[in-house]
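Student: Here is my input; please provide its structure:
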Amino acid sequence: MSSELHMICNYKKCKKPLLTRAWVTSCSHAFCQEDGAREFSQGENKCPACKTVLPQKYDIVEVDLNPSEEFKSMVLAGMRIETIFEICNRAVSFWNYQISQQYMFHAMSAKRAKDAIAELETVHETAVGKLTSKLKMLTNRMKDMKEEEKSLQQRIADLNQQLSLKNQQVQKLQNKNTALKQRCASGSMSDYVEDERLHAYHHHHHHRVPNARPDFRMAPRTLVGSDHADGCSQRVNTEFLKAVPAAARGTGFHFEPDIPNAQFDGTSTLFSVSRRSSDGSKQKSKS
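Tutor: Below you'll find the predicted structure:
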């Protein structure tokens, strides 16, 4: 007999195959040796499967599932044929009931398994959908971040280019400043002073007021010509203190400090130039 046709213990928590000995009941249930001996030895002859009361002597029988040949030869010997067929019919009915219950049990187990699988598939599909959506979102975000990174790199490149140009301008200004400092240190400002002297001289003759006696006063902070409205302000080096009087000699201009007891420190200075008009009044402005 194949193992697929073996009866199983009808106890709910057991369900193991019945191979050697079994406890059978008149309500068509079978139990393994351990469960039957435990349940039926308590004095309550009640079926553990259907809770049917079993009061009769042959309502619970312990049987040998592998009887000897002598037992098979003698168990039905001498009985009438009707009795033999009735006994066989009842035994076959018991077998069919047990096999049908077994199939029902397996079908129920398969249904529970299918339901669990369907539920797991639903959970799996939901999880896959969420992960797919999240993956799509992350992919789009990564694409946006790459575009932003590209834009930032371009901006950094532009800023680096601007910084390079600014550095070049700063370097040029530093070189120019260094050259000017060297010229000041070596006394090479004479050309600049001469240009300023000539510019002031020509500017005065170009705007000279008729019948006015030019009389300029020199101060160590400003140089302003009073013969025009805006004051003729010029920033020059203090070497102009030596150059202007010589240039203006014979022109009627007079230079004198506007601040008493002023001291010259050798740096660039603004001069205040005032001019007296023909009536002797003084016109003066500062910048």
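
Student: From residue 125, how far off is residue 104?
Tutor: Per CB to CB, to the nearest Å, residue 104 is found 31 Å from residue 125. In this view, the C-beta of every residue, glycine as well, is placed from N, C-alpha and C.

Student: try residue 88
Tutor: Separation of residue 88 from residue 125 (CB to CB): 54 Å.

Student: repeat for residue 63
Tutor: Distance, residue 63 to residue 125, using CB to CB: 51 Å.

Student: Please apply the same query to residue 27.
Tutor: Separation of residue 27 from residue 125 (CB to CB) stands at 46 Å.

Student: Name the residue in the two with the higher neighbour count.
Tutor: The residue with more neighbours, out of residue 27 and residue 125, is residue 27; 16 against 10, by other CB atoms under 10 Å.

Student: ok now do that one, which residues does it touch?
Tutor: 47, 49-50, 52, 54, 59 (CB atoms under 8 Å, 6 or more residues apart in numbering).

Student: of those, closest to residue 129?
Tutor: Nearest to residue 129 among the contacts of residue 27 is residue 49, at 44.9 Å by CB to CB.

Student: Helix, strand, or coil at the closest one?
Tutor: Secondary structure, DSSP: H, G, I helix; E, B strand; the rest coil: residue 49 is coil.

Student: likewise residue 198?
Tutor: Three-state call for residue 198 (three-state DSSP): helix.

Student: Tell me the spacing between it and residue 64.
Tutor: Noted for residue 198: a distance of 144 Å to residue 64, by CB to CB.

Student: Wait, a helix at residue 116?
Tutor: Yes. Residue 116 sits within a helix when classified using three-state DSSP.

Student: Tell me, how many residues neighbour it?
Tutor: Residue 116, neighbours per other CB under 10 Å, totals 10.

Student: list the contacts for it?
Tutor: Applying CB under 8 Å, 6+ apart, no residues contact residue 116.

Student: got it, and residue 16?
Tutor: So residue 16 contacts 8-9, 32 (CB under 8 Å, 6+ apart).

Student: Show the average pLDDT along stretch 185-199.
Tutor: Averaged across stretch 185-199, pLDDT comes to 65.

Student: please begin residue numbering at 15 from this point
Tutor: With 15 as the first residue, the last one maps to stretch 199-213.

Student: ranges for the strands of the stretch 15-164 of the chain?
Tutor: Here the stretch 15-164 of the chain has its strands, by DSSP state E, counting those that start in this stretch, at 35-39, 44-46, 74-78.

Student: Tell me which of those strands sits most buried.
Tutor: strand 44-46 (a mean of 25; mean count of other CB atoms under 10 Å).

Student: so what does that strand touch, helix or strand wise?
Tutor: Judged by 3 or more CB pairs under 8 Å, 6 or more residues apart in numbering; DSSP states H and E, the packing partners of strand 44-46 are strand 35-39.

Student: just the helices in the stretch 115-264 of the chain please.
Tutor: 204-220, 254-262 (DSSP state H, counting those that start in this stretch).

Student: Run through the chain and note the low-pLDDT ranges.
Tutor: 15-18, 201-210, 217-301 (pLDDT under 70).

Student: Quickly list the domain ranges of it.
Tutor: 17-119, 204-297 (automatic domain parsing).

Student: Just give the number of residues close to residue 50.
Tutor: 24.

Student: My error: substitute residue 22 in the last question.
Tutor: 20.

Student: residues contacting it?
Tutor: So residue 22 contacts 29-32, 112, 116, 119 (CB under 8 Å, 6+ apart).

Student: nearest to residue 189, of those residues?
Tutor: Nearest to residue 189 among the contacts of residue 22: residue 29, at 99.6 Å, using CB to CB.

Student: Tell me what the residue nearest to that closest one when sequence neighbours are not counted is bridged to.
Tutor: Take residue 29 and drop its neighbours on the chain: the residue closest to it by CB to CB, 6 or more residues apart in numbering is residue 22, 5.3 Å away. Under DSSP bridges, the beta-bridge partners of residue 22 are residue 31.
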